[in-house]
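Asker: give me the fold of what follows.
(chains A, B and C)
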Amino acid sequence: MDASTSQAFSPDRFFPADPTTRSLARRCYEPVASLPIISPHGHVDPRLFADPQATFGSPADLFIIPDHYVTRMLYSQGIPLESLGASSSPEFGRGNGDADHRKIWQLFCANFRLFRGTPSGIWLTHELHEVFGIGEKPSAANADRLYDLIAEKLASPEFSPRALFERFNIEVLCTTDAATDTLEQHQAIKASGWQGQIRPTFRPDAVINLDAPNWRQNIGQLSAVSGIHVADYPSFIRALEQRREFFKLMGATAADHAARTPATAELTPLEAETLFQRALKGQASAEDAVCFTAHTLMEMARMSIDDGLVMQLHPGSLRNHNRVIFEKFGLDKGCDIPLQTEYTRNLLPLLNKFGNDPRLTLILFTLDETSYSRELAPLAGHYPALKLGPPWWFHDSLNGMTRYFEQVMETAGLYNTTGFNDDTRAFCSIPARHDVWRRAAATWVAGLVARHIVAMDDAQEMMTELAVGLAKKAYRL
Amino acid sequence: MDASTSQAFSPDRFFPADPTTRSLARRCYEPVASLPIISPHGHVDPRLFADPQATFGSPADLFIIPDHYVTRMLYSQGIPLESLGASSSPEFGRGNGDADHRKIWQLFCANFRLFRGTPSGIWLTHELHEVFGIGEKPSAANADRLYDLIAEKLASPEFSPRALFERFNIEVLCTTDAATDTLEQHQAIKASGWQGQIRPTFRPDAVINLDAPNWRQNIGQLSAVSGIHVADYPSFIRALEQRREFFKLMGATAADHAARTPATAELTPLEAETLFQRALKGQASAEDAVCFTAHTLMEMARMSIDDGLVMQLHPGSLRNHNRVIFEKFGLDKGCDIPLQTEYTRNLLPLLNKFGNDPRLTLILFTLDETSYSRELAPLAGHYPALKLGPPWWFHDSLNGMTRYFEQVMETAGLYNTTGFNDDTRAFCSIPARHDVWRRAAATWVAGLVARHIVAMDDAQEMMTELAVGLAKKAYRL
Amino acid sequence: MDASTSQAFSPDRFFPADPTTRSLARRCYEPVASLPIISPHGHVDPRLFADPQATFGSPADLFIIPDHYVTRMLYSQGIPLESLGASSSPEFGRGNGDADHRKIWQLFCANFRLFRGTPSGIWLTHELHEVFGIGEKPSAANADRLYDLIAEKLASPEFSPRALFERFNIEVLCTTDAATDTLEQHQAIKASGWQGQIRPTFRPDAVINLDAPNWRQNIGQLSAVSGIHVADYPSFIRALEQRREFFKLMGATAADHAARTPATAELTPLEAETLFQRALKGQASAEDAVCFTAHTLMEMARMSIDDGLVMQLHPGSLRNHNRVIFEKFGLDKGCDIPLQTEYTRNLLPLLNKFGNDPRLTLILFTLDETSYSRELAPLAGHYPALKLGPPWWFHDSLNGMTRYFEQVMETAGLYNTTGFNDDTRAFCSIPARHDVWRRAAATWVAGLVARHIVAMDDAQEMMTELAVGLAKKAYRL
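Answerer: Numbering: from 1, shown residues only, chains lettered A, B, ... in the order given. Prediction:
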């Protein structure tokens, strides 16, 4: 390992250069560095843990093909997605043969400079170093050698998903699952006797958002799995309640909702029914979809109060902005682009109805950082039911975290936030992402100590909350 | 006082940790640290100074009950406002008996951790330390002892409002007063012979905003106090002119306006009259209210040119977002939430008519920090009539000030800003707030010196302007 | 030169105070400090180089009269534009006699404090120091002496535009020229045999934006210079294609477009024709103008794919906000104010049609910094055709650059950005502006090295790209 590279994985990485603050950051970080990982929201495939023989596949399967952060950057520089393993229905671990995977890996290594200064660059460097013991920067020159080295390790039992889950010291990992999912993988994990804690999360977007692809089929599936014939709005609601109950039985503590906007609104029963019937006939308009989601989110808040599932809301992404890519390769190819998002007026109906109820925990996320200091922190600093989730997606980065700490904490207060979510599909990046968070948090807290805003004893308590406490409490884990 | 706590009140607090910049910040701060306080905009109750025997009441009266920054944070964590002394018409110094006040204080102390890293935490620490000589962090353990200690001091003449006014070295304090206020308290202060300079500010929102609670009653009151029967728009305008004249006689140098948006527009006399008559009949719509305020703000700018009162505009708050709390406890309970706010187009009519007139001083505030670099700094760096007020409300914080300095000053120029406003109801926090501003300003200026952007002699001039000069000049004090 | 002033031109200026980062910033900066200047976008008058005898005129001509950054700041503090040399059609080098210019200079020097902490202050200090060897701060006291000193130098051949072009080590300078321009100055430069590389840029706003002043006359001029009778939309398009071809022949590598919003849309041929005919009759509405620009921008992207001219888009300025000043003095008097700007939805049509085509380079700029992390970085980090231009106009400043690096780079990636544009009319400020950029870039990169995010060898490559490589590649120079 040469000097310039090892420098890139220094034990002081991400801490500020000023010696006073760096030393305080180190003191803040060290006690929490090896605390267990709480991962209350993410997209890891539960199949990885259901089958004790599961593997991560090739190095390209692990690092490139399913990671839209990685492929979008390569694509932006003119590398076709086809040459990065994209196909219309990519399935984990099923590639186009090892020769193709090696080519994908070579392309990635030859273009590794594109990740300079990016979160992906940081996560990949961490994974190579900490999981595979590789301290070299990937390059055209070392691509083949690294490929062989990683492939060999991936074939060994020490690198099975379950083995890495344990090595990563993950206390709990929550997946994200459709409302119509039968959670077979989760059942298999339980049945296997393996002790890893993998919990499902109830994500009903595909039946709540009328403009979701194949909405009517999804409703049919909802009828089938719930055993409730969904023919009108009341039966739709009963079926959702039934699914939530099932998810709870399977260990879920939270529901999750995506919507283009955080609009909430209360319709009359007749209005809701009319929209629902129009949708069943395939005649719902774009505006109908917005109203229906706005109303049904209020129903979901009511259910959360009843059944205790924490409610998460992830609004503000214009999905599949690039139609060409969507038509060729489908969802989640790095083509979702954030939108300006308004919370103060949009959440007014929901918060007026449920925001004062301490039984509800509503965790908000945003892709529009302008809402941090203007809307989200003032709201979270007031409503008992409201908490702010961590920086999300494009903002899950060192600078994104810095902006979050600086713009949210003064007004919301630390205790109205919820620690960290890794929100990842890339299982091996989980320790890297939590480490970035813990270091960014230590940097923020150290800055408070250095400027005599909080004392060191308080700082240590804050660090433990940031690393594990807030997430455990907010997600009722 | 233990080490960790005294650290929290270091003479270097809030300065950056880097030794070069810290030492420069200290050099910038020291000459202005003890300059008198100019407080040109705030909400302190003038009754405190009208009666020489006035006291601040109990520790809960002083620190908790009337301070919505404090109560909102406690409420957000599930503590009912009822248990914090909220009632539908809280009056200063009238509590529910000392036992209740002690309980409120205990709750506050037991939850003091919630204020870690918040401006309230900083102000409270400063007040306890500097006003009451208390260096301990409040906690469940010391709550009773601190209560007794503070209560004893508050009962002594050295802790009367007038005594603290003098001890705080306040040169001038401006209050905020309804257009219909007879300013009896201000008259009593003058009549008492006490030398403290307390000036009223003309705040006509309750008669200008048609959707203000009890608008028609307010108009009746306006007729009564002005002696002008307000029956149409011209008599409305004459009555406002009369009140402004009266406020000027009583020492006012400024008017202040709150509005949901900074919309300005010029109606024809007939249009204005039609709106006004509709409102008198109780038939004004929400849109009418917006138009009426937009037009009347232009009238207020014209009056400012005529009578020389500085015009302040505070737009962008959605008041009483939490209806439940509003209905139970009324206004100003920490439930006002900022909105996205547009200035470039909204102010176009007013600035085109009056923006080039050097007789007008229009001071703008914002709760939407995105407008700093995009709209407000470019506007203030061009129009002679326009100045930018300091960071307001949720942004009156260390980070809020940093963002303000970084995002405003390059384009607006220091001399198009107006120094600091404490904008507080909490009289004892005034020195704390001005001290935070002076330290934040010193940090900004020291950063310019450290990076060789301004020289030290210029820096010292800038500091004096930031601490007192800009505010005095902008507010014509 | 006294100590406090020389400090203001330290070799370490603009670098952070922390010794570790400062020393790294110095190491990053030094290798690129004297690389040639690539200036791919700006507003320098080509006449300066067409005539070998051209001079810069008086010190007021050089530093004040044509620089709206300077005059707007003086105007904002009540100094009339008339007293700063503004007239309805200011022409370079033609003043109102030397006595008047001396008075303008005196006003400027007496008010030099207004530029403390502003980019203009930094550029002016650099120009005085590096171009004229003046280390003193301008003041009322030294105004006359400085005037004489600068005037004498400006009269000497060493200070001719061509001589300074060479002394500044400018490799290429691109001007901005109307679509109807015959590029006579550029022809004269070529004919003169002088080796300085001055390239035109195709800027067709005045014929594309239906609400441009004198649009119909402009269309007449377009017919005249292109030799194509513009009578309908197809002939309009053909004439634009002809002009682009001519610009290419004259050395242009790019087109540039300003629009109030970045709206793009595809009209049917009939719709486009209808709009065009309505405009020819002088009957186009404001909405027509928006639609026409939105559609024609898509045509311009298509042409860029065909002819290879790089496409630049500069949206989001509300031009001539101050009608009084516009009517008295015309365009570009510092009265243009930014607007909130939306990119995700507005660019959808254009990007869906052309965004995946690697033959297109579309360089986006913004005056709304909120779009950096929310919209522009996510878009540029995905679409192969898209690149982000540097911080523009009010954001071409130290803090503006810092925000750009912090908010853009993690998500867009360095290689989807385009280095620096000085975008200036003030020729002598070009080295100052590029130096600020190189120092700000070195500060950013040094921060990455100091925090072990990139290694020093990578950092050096990044610096070369930031200083010259990215701009050369993006602009195909």
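
Asker: for the stretch 301-450 of chain A, what lies in contact range of chain C?
Answerer: Listed as neighbours of chain C in the stretch 301-450 of chain A under the rule CB under 8 Å from any CB of the partner chain: A:318, A:321-325, A:334-335, A:337-340, A:367-370, A:394-395, A:397-400, A:403. Bear in mind the C-beta positions are built from the backbone N, C-alpha and C, glycine included.

Asker: ditto for the stretch 51-200 of chain A
Answerer: A:72-73, A:75-78, A:113-119, A:121-122, A:137.

Asker: give me the buried subset of the residues you listed.
Answerer: For those, a burial check counting by 16 or more other CB atoms under 10 Å in any protein chain shown picks out A:72-73, A:75-76, A:113-119, A:121-122, A:137.

Asker: which of the residues you listed come close to chain B?
Answerer: Near chain B, by the rule CB under 8 Å from any CB, you find none of these.

Asker: could you identify the most distant pair in the residues of the stretch 51-200 of chain A next to chain C?
Answerer: Distances among those were taken as CB to CB; the most separated pair is A:78 and A:122, at 23.8 Å.

Asker: what ranges do the strands span in chain A?
Answerer: Here chain A has its strands, by DSSP state E, at A:37-39, A:170-174, A:177-178, A:198-199, A:202-203, A:254-259, A:310-315, A:317-318, A:337-338, A:362-364, A:386-388.

Asker: could you redo the ones you listed as TSV and give each row mean pLDDT and mean neighbour count?
Answerer: Shown next, in TSV, are those (pLDDT from 0 to 100; neighbours: other CB atoms under 10 Å in any protein chain shown):
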stretch	mean pLDDT	mean neighbour count
strand A:37-39	98	25
strand A:170-174	98	21
strand A:177-178	98	22
strand A:198-199	98	22
strand A:202-203	98	26
strand A:254-259	97	23
strand A:310-315	98	24
strand A:317-318	97	19
strand A:337-338	98	27
strand A:362-364	98	24
strand A:386-388	98	24
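
Asker: turn those into JSON lines, columns for distance to residue B:39.
Answerer: Listed next are those as JSON lines, based on distance: least, CB to CB, whole Å:
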{"stretch": "strand A:37-39", "distance to residue B:39": "47"}
{"stretch": "strand A:170-174", "distance to residue B:39": "51"}
{"stretch": "strand A:177-178", "distance to residue B:39": "57"}
{"stretch": "strand A:198-199", "distance to residue B:39": "54"}
{"stretch": "strand A:202-203", "distance to residue B:39": "52"}
{"stretch": "strand A:254-259", "distance to residue B:39": "45"}
{"stretch": "strand A:310-315", "distance to residue B:39": "41"}
{"stretch": "strand A:317-318", "distance to residue B:39": "45"}
{"stretch": "strand A:337-338", "distance to residue B:39": "41"}
{"stretch": "strand A:362-364", "distance to residue B:39": "36"}
{"stretch": "strand A:386-388", "distance to residue B:39": "33"}
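
Asker: out of those, which is closest to chain B?
Answerer: For chain B, the closest of those is strand A:386-388, at 7.6 Å, according to CB to the nearest CB.

Asker: show me the contact partners of that closest one.
Answerer: Contact with strand A:386-388 is made by A:351, A:355, A:361-364, A:376-377, A:379-380, A:408, A:412, A:416-418, A:474, B:76, as judged by CB atoms under 8 Å, 6 or more residues apart in numbering or on different chains.

Asker: ok, now stretch A:54-63?
Answerer: A:47-48, A:70, A:85, A:92-95, A:98, A:101-102, A:104-105, A:108, A:124, A:127, A:146-147, A:150-151, A:154-155, A:159-162, A:426-428.

Asker: of those, buried ones?
Answerer: Among the contacts of stretch A:54-63, those scoring as buried are A:47-48, A:70, A:85, A:92-93, A:95, A:101-102, A:104-105, A:108, A:124, A:127, A:146-147, A:150-151, A:154, A:159-162, A:426-428 (criterion: 16+ other CB under 10 Å).

Asker: what is the burial count for the closest residue to residue A:119 other than its chain neighbours?
Answerer: Distances taken as CB to CB, 6 or more residues apart in numbering or on different chains put residue A:397 closest to residue A:119, at 4.2 Å, once the chain neighbours are dropped. A count of nearby residues for residue A:397, using other CB atoms under 10 Å in any protein chain shown, gives 24.

Asker: PyMOL command for the buried members of the residues of the stretch 301-450 of chain A next to chain C?
Answerer: Per 16+ other CB under 10 Å, the buried members of these correspond to this PyMOL selection:
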select buried, chain A and resi 318+321+322+325+334+335+337+338+339+340+367+368+369+370+394+395+397+398+399+400+403
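
Asker: on that earlier part again, from the residues of the stretch 51-200 of chain A next to chain C, which is closest to residue B:65?
Answerer: residue A:119 (45.7 Å).
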